[in-house]
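Enquirer: how does the following fold in three dimensions:
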Amino acid sequence: MSFNLLSEDWLLPLLILTFGLLAVVGMLLRVRLWRQGQKEPVAIFAGLKAMPKRYLVDLHHVVARDKAMSHTHVATAGGFVLSALLIVVVHVFQLESQVLSWGLLVSLALMLAGAAFVFYRRVNPPSRLSKGAWMRLPKSLIAFAVSFFLLTLPTSGLVPLGWGGEALNIFLLIGVIWGMGELVFGMGWGGPMKHAFAGALHLAFHRRPERFSGGRSTGLKVLDLEANKLGVEKPADFKWNQLLGFDACVQCGKCEAMCPAFAAGQPLNPKKLIQDMVVGLSGGSDKHYAGSPYPGKKIAEARGGAHNPIVNGLVQADTLWACTTCRACVEECPMMIEHVDAIVDIRRFLTLEKGQTPEKGVEVLENLIYTDNPNGLVPHHRSHWAADQDLKLMSEVKRADVLFWVSDGAFDMRSQRILKAFVQIVKAAGIDMVILGDEELDCGDVARRLGDEATFQRLAKRNIKTLCQYDFNCIVTTDPHAFHTLRNEYPDLYPEGEKPQYPVWHHSTFINQLAEKGLIQLRAYQGGKVTYHDPCYLGRYNGEYQSPRALLKLLGCELVEMERSGFRSRCCGGGGAAPITDIPGEKRIADMRMQDIRHTGADLVAVGCQQCTAMLEGVVEPRPQVKDIAEIVAEALLLDKPSAEAFVWTPESSVEPV
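Expert: Sure thing, here's the model as predicted:
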């Protein structure tokens, strides 16, 4: 050959700089694609400054759930970043330092170890992992690490300059071009490594910065009802940093593995949905997608562009309506992508602009408009369940310690048993509690998840007006959907400067504190094994996993956990208006959840949600008995009032749930 890559001073720096320049050009073009989206203000310098911590702490908090992959990612990504910096110093600026050269060798060896494990994992990959271009990534990582390791040996003093023959030079040239083509050039031009570039900026300019540093952000964003277009019709209607988030997807399929609709054979795969949005971002079709399709759908049928409609182009409407909004996909995503926001944004356009809500959804929305409840029942019957409960109305007393938000369980006979059990517990504790009665309207959760932001805001503002008339220390509800909506979504709709000062509690947290403060006494539970089903809107949305379990343990229950519990709990299928849209699949989500329960051998499943109770009791018998936490505690009450220090429910006594 006419060159020696190991000894020519100009060739390797030229290759590195060329690939680097091409990568920068590709990155700028990628940014241009994201900027097709709508404006969204971000704190540029603060975001870039926070990005390293968000990557090392928040992102790795999710990745670390799989210890093997966490260590692999640290070795591979950490080794690559460090070696890339040292390659510039050692091989571009040609700074002669054995210390730096040895540092480069160590970082490349670390990267190679990680790449070897990635290669091993890809030998027989799980079905959730996308194949295609991702199958060549470990080979590219190895080519990069090995070629630059050999090129660095002379500068480290381990081998003489000019060592190796023509065959080695050809091998190294191929290795450098292959490795840098994938890891550097591909980072800007749409290869698998684009996730490193897009992912870093996604963390810096995330649409929900509150999620970082241990925070939580789960409430849907308020839609401006005065906007020219309501919701998202085409990819360019998303905020630009949402498009950036879609592009950060690593196609790991963790969202797919956790999605209840996908497992049930309904036409939703959250990973495929995000990849379809990437197709829409850049134009073209999904023919190169190499992952699992939507159940019952074929690959290579999705086509679109940034300014083309999403529905009936990139996705079908039933894909969107199959989502239960359980946030399992969001909870599992290592890149912290917001799938649910995207789905609801598109639903909003279908409902508000096109009037294309599924038939049952239209009926529910009309009921909410005309009767202020989703079932179309007589509004002034809302307090009939409490006729024998000796509960005062807030309109009569004007002030109380606890305002009980009853929710639409007031119209359902099964849910009324839960409400009455809770009232019994509170009375036993001697707590002053009232209800709004007919003044309480539906909280608007169902309307908002169906995409009808207008009806949600109307209901919310009327409820807020009612709440602002009265004086109380806290709100308690047995409905996690109302709990979430009141706690996390209503504050955005309060008049400027009038944010609510009261805490909102789920009844499981409230009862647990009553028990811990000694305000109620309980006898030991006498039944068999008990398992607890985590409601999505209590657990993943609000982080409350411990209070219900603490109560069950306080009762002396033999608590057995399902394989999927806590933040990985399987949805019951009742959220996101899924029972209303009723998209068919191969199985029922509630049946799958009951099978999880059966595997524990439990005799009783404890729940903390009226919707979960309805869904699980809808499973055909034989099955374990289903009871709400309040019902279990009420049965164990010792009615002799205990001697306990007075405890006043005030905002200062509230604590954030774990």
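Enquirer: what about Q469, distance to R211?
Expert: 34 Å (Cβ to Cβ, to the nearest Å). For every residue, glycine as well, the C-beta is placed using N, CA and C.
Enquirer: any idea how far G585 is from R327?
Expert: According to Cβ to Cβ, R327 and G585 sit 19 Å apart.
Enquirer: revised request: answer the last question for G114.
Expert: G114 sits 38 Å away from G585, going by Cβ to Cβ.
Enquirer: ok, those two, which is more surrounded?
Expert: Each of G114 and G585 had its neighbours counted (other Cβ atoms under 10 Å), and the higher figure belongs to G114 (23 against 19).
Enquirer: surely that one forms part of a helix?
Expert: Yes - the assignment for G114 by DSSP: H, G, I helix; E, B strand; the rest coil puts it in a helix.
Enquirer: hang on, N473 in a helix?
Expert: No - with the criterion set as three-state DSSP, the secondary structure at N473 is strand rather than a helix.
Enquirer: hang on, isn't L220 packed against E489?
Expert: Yes - with the criterion set as Cβ atoms under 8 Å, L220 and E489 qualify as a contacting pair; they are 6.3 Å apart.
Enquirer: what do the two both touch?
Expert: Counting by Cβ atoms under 8 Å, 6 or more residues apart in numbering, the residues touching both L220 and E489 are R448.
Enquirer: alpha carbons of the helix or strand bottoming out on mean pLDDT in the chain, as CSV, please.
Expert: The helix or strand with the lowest mean pLDDT-type score in the chain, counting by mean pLDDT, DSSP states H and E, is helix 166-180 (a mean of 89). Only the C-alpha atoms of helix 166-180 are listed here, as CSV (Å, rounded to 0.1, in the frame of the first residue of the first chain):
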residue,chain,number,x,y,z
GLU,A,166,0.0,-3.9,5.0
ALA,A,167,-2.7,-6.3,6.1
LEU,A,168,-2.9,-4.6,9.5
ASN,A,169,-3.1,-1.2,7.9
ILE,A,170,-6.0,-2.3,5.7
PHE,A,171,-7.7,-3.9,8.7
LEU,A,172,-7.3,-0.7,10.7
LEU,A,173,-8.5,1.6,7.9
ILE,A,174,-11.7,-0.6,7.5
GLY,A,175,-12.2,-0.6,11.3
VAL,A,176,-11.8,3.2,11.6
ILE,A,177,-14.2,3.9,8.7
TRP,A,178,-16.7,1.3,9.9
GLY,A,179,-16.6,2.4,13.6
MET,A,180,-16.6,6.1,13.0
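Enquirer: buried sites along that helix?
Expert: For helix 166-180, the buried set under the neighbour-count rule, 16 or more other Cβ atoms under 10 Å, comprises N169, F171, L172, L173, G175, V176, W178, G179, M180.
Enquirer: could those residues be laid out in JSON lines, adding distance to R568?
Expert: Output for the buried residues of helix 166-180, formatted as JSON lines (distance: Cβ to Cβ, whole Å):
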{"residue": "N169", "distance to R568": "51"}
{"residue": "F171", "distance to R568": "46"}
{"residue": "L172", "distance to R568": "46"}
{"residue": "L173", "distance to R568": "47"}
{"residue": "G175", "distance to R568": "41"}
{"residue": "V176", "distance to R568": "43"}
{"residue": "W178", "distance to R568": "39"}
{"residue": "G179", "distance to R568": "37"}
{"residue": "M180", "distance to R568": "39"}
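Enquirer: secondary structure class for the nearest residue to K239 once chain neighbours are set aside?
Expert: Excluding the flanking residues, the one nearest K239 by Cβ to Cβ, 6 or more residues apart in numbering is E40, at 4.0 Å. The assignment at E40 comes out as coil when based on three-state DSSP.
Enquirer: hmm, E40 is touching F238, no?
Expert: No - with the criterion set as Cβ under 8 Å, E40 and F238 do not qualify as a contacting pair; they are 9.3 Å apart.
Enquirer: the two: who's more crowded?
Expert: For E40 versus F238, the count of surrounding residues by other Cβ under 10 Å is larger for F238: 28 against 13.
Enquirer: dump the residue contacts of that one.
Expert: Counting by Cβ under 8 Å, 6+ apart, F238 makes contact with G37, Q38, V232, F246, M277, A342, D345.
Enquirer: in helices, which of those fall?
Expert: The subset of the contacts of F238 located in helices under the criterion DSSP state H comprises F246, M277, A342, D345.
Enquirer: please report the distance of the first one from M592.
Expert: Spelled out, that is F246. Going from F246 to M592 by Cβ to Cβ gives 28 Å.
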